[in-house]
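Peer 1: Give me a 3D structure for the following:
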Amino acid sequence: MKVVIVGGVAGGATAAARLRRLDEQAEIVILERSGFVSYANCGLPYYIGGVIEDKRALTLQTPESFRRRFRIDVRVRQEVTAIHPAEKAVTVRRLEDGTEYRETYDKLILSPGAKAIHPEGEGLDDPRVFTLRTVEDTYRIRDYVAEKKPRRAVVVGGGFIGLEMAENLLHAGVETTLLQRSAHVMPPLDADMASSVHAYLRDKGVDLRLNTTYTAVRPSEACLAVELTDGTSVETDLLLLAIGVTPDSHLAAQAGLELGAKGSIVVNERMETSQPDIYAVGDAVEVRHFVTGKPALIALAGPANKQGRIAADNICGGNSVFRGSQGSSVLKLFDMTIAATGINEKQAKDAGIAYEKTVTFSASHATYYPGSTDMTIKVLYEKDSGRVLGAQIVGFEGVDKRIDVLATAIRAGMTGGDLAELDLAYAPPYSSAKDPVNMAGFVWENIHSGLVKQFHWDEVAALPRDGSVTLLDTRTEKEYAGGHIPGAINIPLDSLRERLGELDRAKPVYVNCYSGLRSYLACRILSGNGFTCYNLSGGYRFYALNSADVSFDADPRHPCGVKIG
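Peer 2: Below you'll find the predicted structure:
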């Protein structure tokens, strides 16, 4: 059996190695357009910033190491220009000299990945304009930074690559402006969860401009003038376009394979395309979203590697299936960690899923053990069943651990009640006896059982200020004096029982504290004394982040995470 693989990065390289482990006699050929295979795409920005110092660390395998270990024929700088399904052959061009040849196959795996979007327009072909997708892109940017020593950079796009590049350009000593077309960075997050990311980026020195992108690029010998949608312009020595990727599926289209959203390659759960003996994996394929069941494009390394393994299994006579991707992701941003899995509120609404949500603020480990940091955890649940639909976490320490627990919970079909019952490892340096994931489950149980009602930060402005409701702040007098919800009265939690006479039982009480814990305790006191009570989800800190000017404390590991004002 002869298997030809088009593309030798995540999905293609994994498929090749798995094929060899399953079939020692198979002839396996990898055709890779770039000069590298099996490279760490996610690590590329860190080489530019100097965090990864040795360029050899970016390549996990070389053509020579693949041949030595797996007896796989890896041909780099050889581009497949056409697929001929009826003849079971591909046309290949050697990029070194332009000559072409045909390669036949018994089975073909397409792993072309996705290509960075690079719009056409005046100035965008200037050598100071870059995209980042391949190792060659990385070397070009790193060499430019080292040789030209740019003082200023503009990054367009606030997704994974844009944020990582903003961090690493700053790390390399380059003043950086980040343009984001929408109202918030990191599309997997909801806007309210991204608010603390915005404050943190600005505190770190990034000139973040939301709802802003470029309209034109005017090159001169001295610099690039980037004209913006707000009517201003920014001068820069380097422009990085990180505005997204699109499936690199032109070969599949020319060969008549069925295509899906944004030109992605349609596959079944066995990773088979619409043409016999042709499989496709990785960023170019349309998958089923595990939570919604709808078609999705999820360009992440984890799913690509799994798909490569599944395609190889099935080529070798197995019956492996890909059951969908839920988009689990994590990002390091300076000292901050941002993570998400499943769906966010926008995706839930688009899918027509009725949901409820909890927002909790938890310490990464026992607060009496030195070094604890705080994390904000937002979890979405299916309204009737309580099934976990998605989660987002922003914090500093222990975020990756919790998002993986929540990703596992989604895959297992767990509910909020199941989160409360999870038996998670505890020791003071690592967690609390009530782990942050357990706490999210406890809050859901309280809400789902009717023990407490909640309201959210974006509902505060609409609350009547005509005296028909009571807004109650249960923080200390000092906290209250530092900023509070307009119209809220202050009765600290520890004196609430003694001061119940100051409140009108006929009026519903909307309660807040800093994080939501003291106000929950206040709601239990009030409910037990005949009041109707609503607790502010996420507390005053979450409300303030989304409705006031905030900045991070000079020490980002400040116990409260942010300072308001």
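
Peer 1: where along the stretch 1-150 of the chain do the strands fall?
Peer 2: For the stretch 1-150 of the chain, the strands defined by DSSP state E, counting those that start in this stretch cover 2-6, 27-32, 73-76, 78-84, 89-94, 100-104, 107-110, 114-116, 129-130.

Peer 1: counting contacts, what elements does the fifth one pack onto?
Peer 2: What it means is strand 89-94. Using 3 or more CB pairs under 8 Å, 6 or more residues apart in numbering; DSSP states H and E, the elements in contact with strand 89-94 are strand 78-84, strand 100-104. Placement of C-beta: from N, CA and C, glycine included.

Peer 1: nearest to residue 226, of the ones you listed?
Peer 2: Nearest to residue 226 among those is strand 78-84; the distance by CB to CB comes to 32.5 Å.

Peer 1: partners of the closest one in the sheet?
Peer 2: According to DSSP bridges, strand 78-84 forms sheet pairs with strand 89-94 (antiparallel).

Peer 1: Now do the strand it pairs with against strand 2-6, angle only.
Peer 2: Interaxial angle, strand 89-94 versus strand 2-6 (axes from the mean of the first three to the mean of the last three CA atoms, to 10 degrees): 50 degrees.

Peer 1: What lies in contact with strand 89-94?
Peer 2: Contact with strand 89-94 is made by 4, 6, 31, 75, 77-84, 99-105, 108, as judged by CB atoms under 8 Å, 6 or more residues apart in numbering.

Peer 1: any idea of the mean pLDDT in it?
Peer 2: The average pLDDT for strand 89-94 rounds to 97.

Peer 1: Now the nearest residue to residue 545 once chain neighbours are set aside: phi and psi?
Peer 2: By the measure of CB to CB, 6 or more residues apart in numbering, the closest residue to residue 545 outside its immediate chain neighbours is residue 195, 4.4 Å from it. As for residue 195, its main-chain torsions (degrees, to the nearest 10) stand at phi -60, psi -40.

Peer 1: Also the one 4 residues further on?
Peer 2: Geometry field for residue 199 lists phi and psi as phi -60, psi -40, criterion degrees, to the nearest 10.

Peer 1: Tell me how far it lies from residue 336.
Peer 2: Distance, residue 199 to residue 336, using CB to CB, to the nearest Å: 10 Å.

Peer 1: With residue 23 instead?
Peer 2: 45 Å.

Peer 1: same check, this time on residue 173
Peer 2: To residue 336, residue 173 is 21 Å away according to CB to CB.

Peer 1: Looking at those two, which one has more neighbours?
Peer 2: residue 336 (22 against 12; other CB atoms under 10 Å).

Peer 1: returning to that earlier point: and residue 324, which of the helices and strands packed on strand 89-94 is closest to it?
Peer 2: For residue 324, the closest of the helices and strands packed on strand 89-94 is strand 78-84, at 26.6 Å, according to CB to CB.

Peer 1: And the helices in the stretch 301-450 of the chain?
Peer 2: Using DSSP state H, counting those that start in this stretch, the helices of the stretch 301-450 of the chain run over residues 301-315, 345-350, 399-411, 416-421, 436-448.

Peer 1: So which bits of the fourth one are buried?
Peer 2: Which is helix 416-421. 416, 418-420 (16 or more other CB atoms under 10 Å).
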